[in-house]
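Curious how this folds, go ahead:
(chains A and B)
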Amino acid sequence: MRVVRTVLGDIAPETLGLTAAHEHLWCDQGLCREPAFPRRYERMRLRDEDMVVAELAPFHAAGGRAVIEVTVGGWGRDMRRLASIARRAQLHVVATSGFYVENCLPCFAAGADIAALEEALMRELTAGADDSPIRTGLLKAAVSRAVIEGVEERCTRAVARVQRRTGLAITTHTSGSSRFQIPGGNAGSQFLDLFEAEGVDPSRVIIGHCDENADVRQLAALMRRGAYVQFDVIGKLHWLLDETRVELLIALLERGHEDRLMLSSDCNRVSELHVSGGCGYDHVLSRFVPMLRAAGADEACLHKLLVANPATIFAFEPKGMLQ
Amino acid sequence: MLLHPTPLRRLAASNTALLLLDAQRYATSREHGLGLAARERAITREFDEYYSMAEAALGNMSRLLAAARRQGALVVHALLMDRGPGTVSRQLALAGLPLPQGDPLAELCAEVAPQSGEVILPRGGYGCFAATQLDAQLAARGIERVVICGMLANITVVLAAREAADCGYAVVVVQDAAASETLDWHAVTMLGIAGGLIRVHWADEVIEMLEGTRT
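Predicted coordinates for the structure are as follows:
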């Protein structure tokens, strides 16, 4: 029987509801190893449970029922904290195992071979993560450059091999290149090449951050190969204007790709939350969906992007030690 | 295919050059150059970001230099200098940057002082390649890859990187061994320069590439 594995237990996919497919509720980029060179940027950091619970209230009020939390080990994931947030916010929360970018990897990863990385993931998936019995329900791979190479390639291959053993979905972080740096704008096709070479079914893969350096041709090609394409930084206008996102989505919907698209806002900084005047977790539901609707997306289509597609991709059939 | 057209995991000393740009006192001392100009305008504080980057960059340039020397890679010290009538481009002259040969401000910083056998490349224009015979010198030594660092990142480093790429070299810009006028400019500069033959890395990564320890 297929289930979605949340931090509060397994649920039937059809009960997942309106889903934000790529968010953070508890993370700390301050744990990452960064060169000591002057920079001005706000680290990704959310470490205030009361604040996050309060910020999720507008999301719930707008109809949101599920959050896919994509923080992995190495930069502050805390399964018990996620379980507490899920209870208090009355939301389904799916946690993630896998690997983020090189400088945020757990210490052991740098010198580990693919088999060791694979076993580390399997331990989280079978016994629980972060010294808790709570299990994750999604895999993640990431790239920090224009090329999947070195330790990030080993981590990605480990994720691929765990996917084949478990059937879980893989979500990807593709923010390693600038707008015109590589064909297609992001590493999505590289990820699919690698995953396919490892025997992963592309229909179990989500290419994330597709609305950062978008190219409609690449996005359509990724979906033709079977992968899911995720617009998950909606509201972050330094990447794309939301109006551009709407135009891209409408173009992709007109090409018949409504079964492979998902939406989210990737909140990971206090400045992005309502408490600081930011868009908040409800931006997609409260402001972006009405824009899509006004541009011609019908209710059946929106249901697929927000409910049906997440229920399909985030569900898996637990077998063996994963039961 | 998984690889970018210019994958760089190992920088072989035999075909790699380290290009240190304009690590001269005028660009690194708060008492001179930009720092002096800022003080005269009563806007000293506005250059705190630049000098904080420049000081960190100089340290990393020194580490890169040591790694390149250990591995036997070619080292090129490029510097701006007025070597007499007709040697300075009108563009550079209009920028009001007179650095006559022998002027203490034209001297290279002690942290990256050249050693014998290293190439010293004085020039009277912004572009390292356009204003010198650097391309021919690199080609004669079989150089295929150029690691670029120095000051100012948003002016001469990006120019050198694009010139080198135009000449067909694989280029690595070392983002924490370079300094731009402000933190924001530096971030935008590094974001904008990457692509094609040009990659942007951290000094630690480049040192590992030079030493063959990057896995």
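
Identify the bridge partners of B:Cys149.
Under the criterion DSSP bridges, B:Cys149 forms beta bridges with B:Leu20.

any idea how far it is from B:Leu99?
For B:Cys149, the distance to B:Leu99 (Cβ to Cβ, to the nearest Å) stands at 20 Å. Backbone N, C-alpha and C define where each C-beta goes, glycine included.

neighbour-wise, which of the two wins?
B:Cys149 (29 against 25; other Cβ atoms under 10 Å in any protein chain shown).

Verify the stated contact: that one with B:Asp22.
No: B:Cys149 lies out of contact with B:Asp22 (Cβ atoms under 8 Å); the separation is 10.2 Å.

Sketch out the low-pLDDT regions of the chain for me.
As the question left the chain open, I've gone with chain A. Under the criterion pLDDT under 70, no range of chain A is flagged.

that's the wrong chain, I meant chain B
In chain B, residues with pLDDT under 70: B:1-8.

counting residues per helix, which one in it is longest?
helix B:48-71 (DSSP state H).

And for it, what's in contact with it?
If you take Cβ atoms under 8 Å, 6 or more residues apart in numbering or on different chains as the criterion, helix B:48-71 is touched by A:36-38, B:13, B:16, B:18, B:20, B:23, B:27-28, B:30, B:34-35, B:74-75, B:109, B:111-112, B:115, B:147, B:149-152, B:174, B:176-183, B:186, B:203, B:206-207, B:210-211.

how far out from the middle of the chain is it?
10 Å (Cα atoms, centre = their mean, to the nearest Å).

Next: stretch B:171-186.
Relative to the centre of its chain, stretch B:171-186 is centred 10 Å away, using Cα atoms, centre = their mean.

Would you mind listing the buried residues in it?
By neighbour count on 16 or more other Cβ atoms under 10 Å in any protein chain shown, the buried set for stretch B:171-186 is B:171-183, B:185-186.

For the chain, just list every one of the strands.
With no chain named, the answer covers chain A. A:4-6, A:9-11, A:18-23, A:27-28, A:45-46, A:64-69, A:92-94, A:97-98, A:139-142, A:170-173, A:205-207, A:228-231, A:261-263 (DSSP state E).

that's the wrong chain, I wanted chain B
Using DSSP E, strands in chain B cover B:16-21, B:74-80, B:119-123, B:145-151, B:170-179, B:198-201.

neighbouring strands for the third one, and are they parallel or not?
Which is strand B:119-123. Applying DSSP bridges to the sheet, strand B:119-123 is found paired with strand B:74-80 (parallel).

pretty sure A:Arg145 contacts B:Trp202?
No: counting by Cβ under 8 Å, B:Trp202 is not a contact partner of A:Arg145; they are 11.0 Å apart.

between the two, who's got more neighbours?
Neighbours per residue (other Cβ under 10 Å) separate A:Arg145 from B:Trp202, with A:Arg145 holding more: 22 against 17.

how close does the more buried one sit to chain B?
As for A:Arg145, its distance to chain B is 7 Å (criterion: Cβ to the nearest Cβ, to the nearest Å).

same check, this time on A:Ser178
Distance, A:Ser178 to chain B, by Cβ to the nearest Cβ: 5 Å.

With adjacent residues omitted, what lies nearest to that residue?
B:Leu191 (5.2 Å; Cβ to Cβ, 6 or more residues apart in numbering or on different chains).

Then A:Val162?
Nearest to A:Val162 is A:Leu121, by Cβ to Cβ, 6+ apart, at 4.7 Å.

cool, and A:Gly17?
Nearest one to A:Gly17, counting by Cβ to Cβ, 6+ apart, is A:Arg65 at 2.9 Å.

I figured the one you found was touching A:Val94, is that so?
No: look at A:Arg65 against A:Val94 with Cβ under 8 Å: they stay out of range, at 11.9 Å.

Compare those two and say which one has the larger neighbour count.
Counted by other Cβ under 10 Å, A:Arg65 and A:Val94 do not tie: A:Val94 has more neighbours, with 26 against 17.

Is it correct that that one is in contact with A:Arg5?
Yes: in this structure, A:Val94 is within contact of A:Arg5 by Cβ under 8 Å, at 6.6 Å.

Give me the common contacts of those two.
A:Thr136, A:Gly137.

quick revisit: show me the one of the strands of chain B that comes nearest A:Asp266.
Nearest of the strands of chain B to A:Asp266, taken as Cβ to Cβ: strand B:198-201 at 23.1 Å.

list the helices and strands the closest one packs on?
Applying 3 or more Cβ pairs under 8 Å, 6 or more residues apart in numbering or on different chains; DSSP states H and E, one finds that strand B:198-201 contacts helix B:158-166, strand B:170-179.

let's go with 6 Å and repeat that
Packing partners of strand B:198-201 (3 or more Cβ pairs under 6 Å, 6 or more residues apart in numbering or on different chains; DSSP states H and E): strand B:170-179.

partners of the strand it packs on in the sheet?
strand B:145-151 (parallel), strand B:198-201 (parallel).

Check those for me and report the most buried one.
strand B:145-151 (a mean of 28; mean count of other Cβ atoms under 10 Å in any protein chain shown).

Can you give me the end-to-end span of stretch A:65-76?
24 Å (Cα to Cα, to the nearest Å).

contacting residues around it?
A:16-25, A:27-29, A:31-32, A:77, A:82, A:91-96, A:98, A:100, A:104-106, A:140, A:171 (Cβ atoms under 6 Å, 6 or more residues apart in numbering or on different chains).

same thing but at 7 Å, please
Residues from elsewhere that reach stretch A:65-76, judged by Cβ atoms under 7 Å, 6 or more residues apart in numbering or on different chains: A:16-29, A:31-32, A:77, A:82, A:91-100, A:104-106, A:129, A:138, A:140, A:171, A:310, A:314.
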